[in-house]
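# with the sequence up front, the predicted model follows.
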Amino acid sequence: MGTITEIADRYTEQLAALDPVQATEVGIGGHDGELTDLSPAGFAARADLDRATIAELTAAGAATERDRVARDAMLERLGLAVERYDAGDTTSELNVAASWVQGIRQVFDLMPAGTQEAARDHAARLAAVPAAYAGLQETLAAAARAGRVAPARQVREVARQCAEWTAPGSDFYAGLAQRVGTERNGALRSDLDRGAAAARAATAGLGEFLTRDLLPLAPEQDAAGREVYGRAARAFLGATVDLDEAYLWGWDEVLRIEAEMDRVAAQIAGGGSVEDAVAVLDADPARVVHGRDRGKAWMQGVADQVIENLDGRHFDIPPPARRIEAMIAPTADGGIYYTNPSEDWTRPGQMWWSLPAGVDEFSTWREITTIHHEGAPGHHLQTAQVLYLSAELNRWQRMICWVSGHGEGWALYAELLMDELGYLSDPGDLMGLLDSQLLRAVRVVVDLGVHLSLRVPGDSPWRPGETWDATAAWEYLRARSQTSDAMLRYELNRYLGWPGQAPSYKLGERIWLQARADARARAGAAFDLKEFHTKALALGSIGLDPLREALSRL
């Protein structure tokens, strides 16, 4: 049977073999020439591995506190994964941001390049795209026959993405083959070109399948419903929360942040409104960077400076984690995300901006808090420090486990922390933080409101008593965010297709703040913020309920 660490490490190896896409995403080598089996049999095999590991963990003893934390974390994650598989959630999932369609495309962004070995891996993985997408079509069709189909909006948007990735003049796969090829002619060059053509055809074919076969069966309603949403919320938070209380809390949080924005706007615009302050900030040439290359360089410089400022003062940052890369994604989907370092640190942590077409101007006052979120002290510091703790955490904790409420909650908490530590003394930068915080609070309201078909509170001056839908969500978002329409449209489509994920930021931050308050109350005058961060992050990414339990025992 083995110890908890042996069980966890064995599970990690087995999962990497069953899910090569995740292996590449988390930086486990040896599978870069393969793709995940997305057929019904592939999903079943991964669920069987989860079930078998749950049985092993349940029978194993936890000899130490470290073992107890690891076992509780794995049981929570794997148990919920099996529950969602059995309910049909994972085999019917399709959305514009983080379904298997994007996973297959994005995995190529993370692969090594520049050597013949890397080019061979690319060629093999490109050649595997048709089988992967064929398996996914089989799985989605089987789920549809069982009555489980993603909303029509998501089916249409994902089909559009497939068309954009394969359009003449912007063919992702042809461009990839050109970038990674190390020779103009020869067998490897031919393999790359053949693989790119096959991947392009398979991606276009998947889009046609979605439009022709799945869309007619897809419901127009965006709402997930309380049962599906409840499982999704637990998956993203690793905690059980009162969804109706969270909805009302979100309303209060929106009002609180808006009042703070009014206060800061008055400083920026001489007593003016938030709109006036935004106009002042956007008109300041010192706060605008033109061109994607310059924008990337600016983000890199800010990220590097933050790491230098924090290291040794507020955090002890391991040497390999002091390196981070700002990246512009090769597609125009509109997302901003972080990818962690590889296990051997040859691939550093990376902040990715997937900019909509035509966007080549950066407002620095808007983006500084995003760098804190994606870089340090946010995702990069959180995940890189965990990766470094090979003597304290098992491989599953360091490489596999990711809980959105823990990770996104920490990153949102990190944005606030930078203000608490005195790094946002500039009112414009503070306005950017508040705008980011407001959007995350709005997400709580919108996501819960739409997916649970809740009503707007009767005392609201805006649409009182009306039931939420996508039209109301768009109106509410546009009125409360300084984000461009192109980015905001992507944001809304993401919320509508990925129930429970968007609120995990703010609800996760809420739990992190409460955990810090509880730790401060327990320690009294001896409370040390740096020590709290060190101990909390050293637990790895775990569900927020197990996190609170573990912190209470420290």
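All right, it came through fine.
# so Glu325, which of the three states?
strand (DSSP: H, G, I helix; E, B strand; the rest coil).
# not counting sequence-adjacent ones, nearest residue to it?
In space, Glu325 comes closest to Gln350 once its chain neighbours are excluded; the distance is 4.7 Å by CB to CB, 6 or more residues apart in numbering. In short, each C-beta sits where N, CA and C put it, glycine included.
# please report phi then psi for the one you found.
Main-chain dihedrals, Gln350, degrees, to the nearest 10: phi -130, psi 140.
# that one reaches Arg323, doesn't it?
No: contact criterion CB atoms under 8 Å: Gln350 and Arg323 do not qualify, at 10.1 Å.
# of these two, which one has the most company?
Gln350 (20 against 15; other CB atoms under 10 Å).
# show me the protein divided up by domain.
Domain ranges of the chain: 4-221, 235-504, per automatic domain parsing.
# can you list these in a markdown table and add distance to Val228 and mean pLDDT?
Converted to a markdown table, the domains of the chain look like this (distance: least, CB to CB, whole Å; pLDDT from 0 to 100):
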| stretch | distance to Val228 | mean pLDDT |
| --- | --- | --- |
| domain 4-221 | 6 | 95 |
| domain 235-504 | 7 | 92 |
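# give me the distance between the two termini of stretch 448-468.
With CA to CA, to the nearest Å as the measure, the first residue of stretch 448-468 is 9 Å from its last.
# residue contacts, Gly465?
Arg455, Val456, Gly458 (CB atoms under 8 Å, 6 or more residues apart in numbering).
# that one: what secondary structure?
Secondary structure, three-state DSSP: Gly465 is coil.
# same thing with Gly33?
Following three-state DSSP, we place Gly33 in the coil state.
# what's the burial count for it?
19.
# again with the one 3 residues further on
Residues contacting Thr36 under the criterion other CB under 10 Å number 24.
# all further residue positions should be reported with the first residue as 15.
Okay, residue one is now 15; in that scheme the one you just asked about reads as Thr50.
# SS state for it?
Following three-state DSSP, the label given to Thr50 is coil.
# chain center to whichever strand or helix holds Arg82, what's the gap?
Arg82 is part of helix 79-101, with elements assigned from DSSP states H and E. With CA atoms, centre = their mean, to the nearest Å as the basis, helix 79-101 stands 20 Å off its chain's centre.
# could you measure from the residue sitting nearest the centre point of the chain over to Trp367?
Geometric centre of the chain, nearest residue: Tyr351, 6.1 Å, by CA atoms, centre = their mean. For Tyr351, the distance to Trp367 equals 9 Å [CB to CB, to the nearest Å].
# could you find the closest non-adjacent residue to Ala218?
Thr180 (4.5 Å).
# so that neighbour makes contact with Thr217?
Yes: the pair Thr180 / Thr217 is scored as a contact, 5.1 Å apart, by CB under 8 Å.
# neighbour count winner among these two?
Shown here are Thr180 and Thr217; by other CB under 10 Å, Thr217 has more neighbours (25 against 21).
# which ones are touching that one?
Arg119, Val143, Tyr147, Cys176, Trp179, Thr180, Tyr187.
# with respect to Cys415, which of these is nearest?
Arg119 (24.1 Å; CB to CB).
# now do the contacts for the closest one.
The contact partners of Arg119, by CB under 8 Å, 6+ apart, come to Trp179, Phe186, Thr217, Thr345.
# which one is the second one nearest to, not counting chain neighbours?
Right, the one you point to is Phe186. Nearest to Phe186 is Trp179, by CB to CB, 6+ apart, at 4.5 Å.
# could you dump the one helix or strand the one you found maps to to PDB, C-alpha only?
In this assignment (DSSP H and E), Trp179 forms part of helix 166-180. Output of helix 166-180 as PDB, limited to C-alpha atoms (Å, rounded to 0.1, in the frame of the first residue of the first chain):
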ATOM      1  CA  ALA A 166     -25.800  27.000 -26.900                       C
ATOM      2  CA  ARG A 167     -23.800  30.200 -26.300                       C
ATOM      3  CA  GLN A 168     -20.700  28.100 -25.300                       C
ATOM      4  CA  VAL A 169     -21.100  25.700 -28.300                       C
ATOM      5  CA  ARG A 170     -21.300  28.600 -30.700                       C
ATOM      6  CA  GLU A 171     -18.300  30.500 -29.200                       C
ATOM      7  CA  VAL A 172     -16.100  27.400 -29.100                       C
ATOM      8  CA  ALA A 173     -16.900  26.600 -32.700                       C
ATOM      9  CA  ARG A 174     -16.000  30.200 -33.500                       C
ATOM     10  CA  GLN A 175     -12.600  29.700 -31.700                       C
ATOM     11  CA  CYS A 176     -11.900  26.600 -33.800                       C
ATOM     12  CA  ALA A 177     -12.600  28.600 -36.900                       C
ATOM     13  CA  GLU A 178     -10.300  31.400 -35.800                       C
ATOM     14  CA  TRP A 179      -7.500  29.100 -34.900                       C
ATOM     15  CA  THR A 180      -7.600  27.500 -38.400                       C
END
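# follow-up on the earlier one: among the domains of the chain, which is nearest Arg536?
For the domains of the chain, the distance to Arg536 is smallest for domain 18-235, at 16.4 Å, taking CB to CB.
# hang on, the earlier thing: the contacts of Arg119: which two are farthest apart?
Maximum pairwise distance in the contacts of Arg119, criterion CB to CB, is 11.8 Å, between Thr217 and Thr345.
# now do the shared contacts for the two.
By CB under 8 Å, 6+ apart, the residues touching both Thr217 and Thr345 are Arg119, Trp179.
# part of a strand, is Ser555?
No: counting by three-state DSSP, Ser555 falls outside a strand, being coil.
# related to what we said a few turns ago, surely the residue nearest to Phe186 meets Gly189?
No: with contacts defined as CB under 8 Å, Trp179 does not count as touching Gly189, sitting 10.1 Å away.
# okay, the two: which has more neighbours?
Counted by other CB under 10 Å, Trp179 and Gly189 do not tie: Trp179 has more neighbours, with 23 against 12.
# tell me who's in contact with the more buried one.
Counting by CB under 8 Å, 6+ apart, Trp179 makes contact with Arg119, Asp185, Phe186, Tyr187, Thr217, Thr345.
# residues near the closest residue to the last one other than its chain neighbours, how many?
Going back to what we said before, that points to Thr345. Of all residues not flanking Thr345 in the chain, Ser368 sits nearest, at 5.7 Å (CB to CB, 6+ apart). Using other CB under 10 Å, Ser368 has 18 other residues around it.
# what about the helices in the stretch 415-564 of the chain?
With DSSP state H, counting those that start in this stretch, the ranges of helices along the stretch 415-564 of the chain come out as 418-434, 441-465, 484-493, 499-511, 517-537, 543-551, 558-567.
# show me what the helix holding Arg82 is packed against.
Applying 3 or more CB pairs under 8 Å, 6 or more residues apart in numbering; DSSP states H and E, one finds that helix 79-101 makes contact with helix 18-32, helix 54-73, helix 240-251, helix 558-567.
# turn the ones you listed into CSV, including distance to Ala550.
CSV is the format used below for the helices and strands packed on helix 79-101 (distance: least, CB to CB, whole Å):
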stretch, distance to Ala550
helix 18-32, 20
helix 54-73, 23
helix 240-251, 16
helix 558-567, 6
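# and Leu228, which of these is closest to it?
Comparison of the helices and strands packed on helix 79-101 against Leu228 by CB to CB identifies helix 54-73 as nearest, at 15.6 Å.
# by contact count, what packs against that closest one?
helix 18-32, helix 79-101, helix 130-159.
# and the first one, what's buried?
Going back to what we said before, that points to helix 18-32. Under the neighbour-count criterion of 16 or more other CB atoms under 10 Å, helix 18-32 has Ile18, Thr19, Ile21, Ala22, Asp23, Tyr25, Thr26, Leu29, Ala30, Leu32 buried.
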